[in-house]
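Asks: Following is a predicted model, sequence given first.
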Amino acid sequence: MTQLANQLASDIQRYIAANNLPVGTRLPERGLAEHFRVSRSPVREALKRLAAQSVIESHSDGGFVVADAAAASPAAELPSAANDDAESTYLRIAEDRLAGALPDRITESELIRRYGPTRNQLTSILRRMVHEGWIERLPGHGWAFLPTLSSSAAYNQSYRFRLLLEPAALLESSYRLDEAALRACKQEQEALVAGGVRTASPAQLFDANTHLHETIAGFSGNLFIVDSLRRLNRVRRLMEYRKAVDRDQAERRCREHLTLIDLLLTGQREAAADFMRLHLRDAAREKASATG
């Protein structure tokens, strides 16, 4: 778990810098675990490592918050993911896989020959792909790509399924809001509206937005709803990368997310369910008309 915790510490540090999280921002274990799609144990270890580096600090009520040292940390000075070599390689692999240019099974040596990353970069990229659910290690040797959405018809069906699922999640009798997790999502969306949406990569936008939707679905208390949405998001991820990113539309959706969050924070569940339905319907229409 040591290697994963070290990688997560770096990822969390980048997450703090990329979203310009202010000093004092809470860093909930569960929210980070859901965002990075790992269990809470390695997140807990990663937070301890960052606390030892004074990037974050313990809070009097428990947990951790962003510390003053985060602003001067190396992660804050790193280039954005959109310009990072590893991010570029990751997106090229995603595009080639979606286009059918890669076989179902492949070795690390073949990936290095084709895309030219260092061994360490490829290890990080493969770990990310495993967490996102579109590749898995084969016993003994090599890797196998997992099924993803690859047609416009299937992509449109995914939105129709979400229209059935997500508004209903807000009306479940077992619904229970986690205010700390929702406020962490709100900070992420506010950072995007404040300018982050203009520079974020397609992967960063997808992660921020699916994190919010999965967090809200989790409030339903219905494990089948949460699992269905997470599975769907894993298989539609690559299709989202292929869509042309309209920054104005992306910003508008983030603003709608903030409206949705405020409805939930003020206890207006039925209004939030109605708003969720309109939000998904409009997003489906925008994506259907997008090229790329």
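Replies: Right, received. Where do you want to start? Residues are numbered from 1 along each chain as shown.

Asks: This structure: helices as residue ranges?
Replies: All helices of the chain, identified by DSSP state H, fall at 2-18, 29-36, 40-52, 74-77, 85-98, 108-115, 119-132, 152-169, 179-193, 202-218, 223-242, 247-265, 269-289.

Asks: how about JSON lines for the ones you listed, with mean neighbour count, mean pLDDT and distance to Ala144 added?
Replies: Quick note: C-beta positions are derived from backbone N, CA and C, even for glycine. Shown next, in JSON lines, are those (neighbours: other CB atoms under 10 Å; pLDDT from 0 to 100; distance: least, CB to CB, whole Å):
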{"stretch": "helix 2-18", "mean neighbour count": "19", "mean pLDDT": "74", "distance to Ala144": "21"}
{"stretch": "helix 29-36", "mean neighbour count": "20", "mean pLDDT": "83", "distance to Ala144": "22"}
{"stretch": "helix 40-52", "mean neighbour count": "18", "mean pLDDT": "87", "distance to Ala144": "24"}
{"stretch": "helix 74-77", "mean neighbour count": "14", "mean pLDDT": "41", "distance to Ala144": "32"}
{"stretch": "helix 85-98", "mean neighbour count": "18", "mean pLDDT": "84", "distance to Ala144": "12"}
{"stretch": "helix 108-115", "mean neighbour count": "14", "mean pLDDT": "95", "distance to Ala144": "13"}
{"stretch": "helix 119-132", "mean neighbour count": "17", "mean pLDDT": "83", "distance to Ala144": "11"}
{"stretch": "helix 152-169", "mean neighbour count": "16", "mean pLDDT": "89", "distance to Ala144": "21"}
{"stretch": "helix 179-193", "mean neighbour count": "19", "mean pLDDT": "91", "distance to Ala144": "32"}
{"stretch": "helix 202-218", "mean neighbour count": "22", "mean pLDDT": "89", "distance to Ala144": "21"}
{"stretch": "helix 223-242", "mean neighbour count": "18", "mean pLDDT": "82", "distance to Ala144": "15"}
{"stretch": "helix 247-265", "mean neighbour count": "18", "mean pLDDT": "95", "distance to Ala144": "32"}
{"stretch": "helix 269-289", "mean neighbour count": "16", "mean pLDDT": "90", "distance to Ala144": "28"}
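
Asks: Could you export those helices as TSV, including distance to His141?
Replies: Shown next, in TSV, are these (distance: least, CB to CB, whole Å):
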stretch	distance to His141
helix 2-18	20
helix 29-36	27
helix 40-52	26
helix 74-77	34
helix 85-98	19
helix 108-115	9
helix 119-132	14
helix 152-169	31
helix 179-193	39
helix 202-218	28
helix 223-242	24
helix 247-265	40
helix 269-289	38
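
Asks: can you tell which of those is closest to Leu146?
Replies: Relative to Leu146, the nearest member of those by CB to CB is helix 223-242, separated by 8.0 Å.

Asks: what distance separates that closest one from the middle of the whole chain?
Replies: From the chain centre to the centre of helix 223-242 is a distance of 11 Å (CA atoms, centre = their mean, to the nearest Å).
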